[in-house]
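Participant: next come a sequence and a model predicted from it.
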Amino acid sequence: MPVHLVTERLHMRPWAESDIDDLRALISERDDGTPTVEHVREIIAAQEAAMSTAGFTLLPIRRRVEGDFIGYCGLIVGRATVDEPEIAYELFRRVHGRGYATEAAGAVLGAAVETGRKRLWSTVGSWNTPSLRVLEKLGFARNHVSIDDRAGEVVWLTRLLP
Ligand SMILES: CC(C)(COP(=O)(O)OP(=O)(O)OC[C@H]1O[C@@H](n2cnc3c(N)ncnc32)[C@H](O)[C@@H]1OP(=O)(O)O)[C@@H](O)C(=O)NCCC(=O)NCCS
């Protein structure tokens, strides 16, 4: 997938060393404690490896005007496959509700089309109304529900690409 994506308010480009502390802070919002620099380096290295092997990755999102890191968005294998990957995103709480996830994910949909992929998936906890709404706005439709030992009830949504 293309790794430089620009939207009206956002831009996405490959991970850099300077993103490490921002990503540690983002992860610390959802997990107990802050991951080490080394652990986050491994997460980023895994994304770079995914780009080489699968041709897609997660990308850091920056606001174009403010220039700050607000989260990430991209494609992962997740519970799906290399041919029909999952779209994924996570943003800092302080920027939720401003349409940023929908805007970033819309650009990632376009990037997925450019790889020639024909279908995307997303698996979302059934409690996660904001994420389900983002996917609805992007034209994803509910396909089925599964039960995950760790995540509980998981909704599988899918979208055909042109
Ligand atoms: C999911 C997430 C990325 C959404 O980011 P965001 O930038 O706030 O999303 P957007 O602003 O583009 O859209 C959110 C939509 O959900 C709606 N929404 C948010 N909370 C809601 C609630 N409790 N009930 C109903 N709708 C809700 C918003 O109103 C908005 O819809 P609208 O445009 O029709 O008003 C963000 O909540 C997040 O980072 N969550 C933690 C990580 C996560 O859950 N990732 C997804 C894993 S599957």
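Facilitator: It's in.
Participant: contacts and neighbour counts: CA atoms only from here.
Facilitator: OK.
Participant: quick one, grab the pLDDT at Arg150.
Facilitator: As predicted, Arg150 sits at a pLDDT of 89.
Participant: from Gly125, how far out is it?
Facilitator: 10 Å (CA to CA, to the nearest Å).
Participant: can you pull out the strands in this structure?
Facilitator: Counting by DSSP state E, one finds strands in the chain at the ranges 5-6, 10-12, 58-63, 69-76, 86-91, 119-125, 141-148, 152-160.
Participant: adding distance to the ligand, write the ones you listed out as CSV.
Facilitator: What follows is those, written out as CSV (distance: least, CA to the nearest ligand atom, whole Å):
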stretch, distance to the ligand
strand 5-6, 16
strand 10-12, 12
strand 58-63, 11
strand 69-76, 8
strand 86-91, 4
strand 119-125, 4
strand 141-148, 13
strand 152-160, 9
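Participant: neighbour-wise, which of Arg150 and Gly125 wins?
Facilitator: Neighbours were counted for Arg150 and for Gly125 using other CA atoms under 10 Å; Gly125 has more, 18 against 6.
Participant: which residues does the more buried one contact?
Facilitator: Going by CA atoms under 8 Å, 6 or more residues apart in numbering, Gly125 touches 151-155.
Participant: please repeat the previous calculation with a cut-off of 7 Å.
Facilitator: 151, 153-155 (CA atoms under 7 Å, 6 or more residues apart in numbering).
Participant: and which of those residues is nearest to Gly97?
Facilitator: Closest approach to Gly97 among the contacts of Gly125 (CA to CA): Val155, at 21.4 Å.
Participant: now the closest one: closest residue in space, sequence neighbours ignored.
Facilitator: Counting by CA to CA, 6 or more residues apart in numbering, Val155 lies nearest to Val145, which is 4.5 Å off, once chain neighbours are set aside.
Participant: so that neighbour makes contact with Gly152?
Facilitator: No - in this structure, Val145 is not within contact of Gly152 by CA atoms under 7 Å, at 10.2 Å.
Participant: who's more crowded, these two?
Facilitator: Set Val145 next to Gly152 and count neighbours by other CA under 10 Å: Val145 wins out with 15 against 12.
Participant: ok, now how distant is that one from Leu161?
Facilitator: Val145 is 22 Å from Leu161, by CA to CA.
Participant: what does Asp68 give?
Facilitator: For Asp68 relative to Leu161 (CA to CA), the value is 31 Å.
Participant: if we can go back for a sec, nearest to Val134, out of the strands of the chain?
Facilitator: Checking those against Val134 by CA to CA gives strand 86-91 as the closest, at 10.0 Å.
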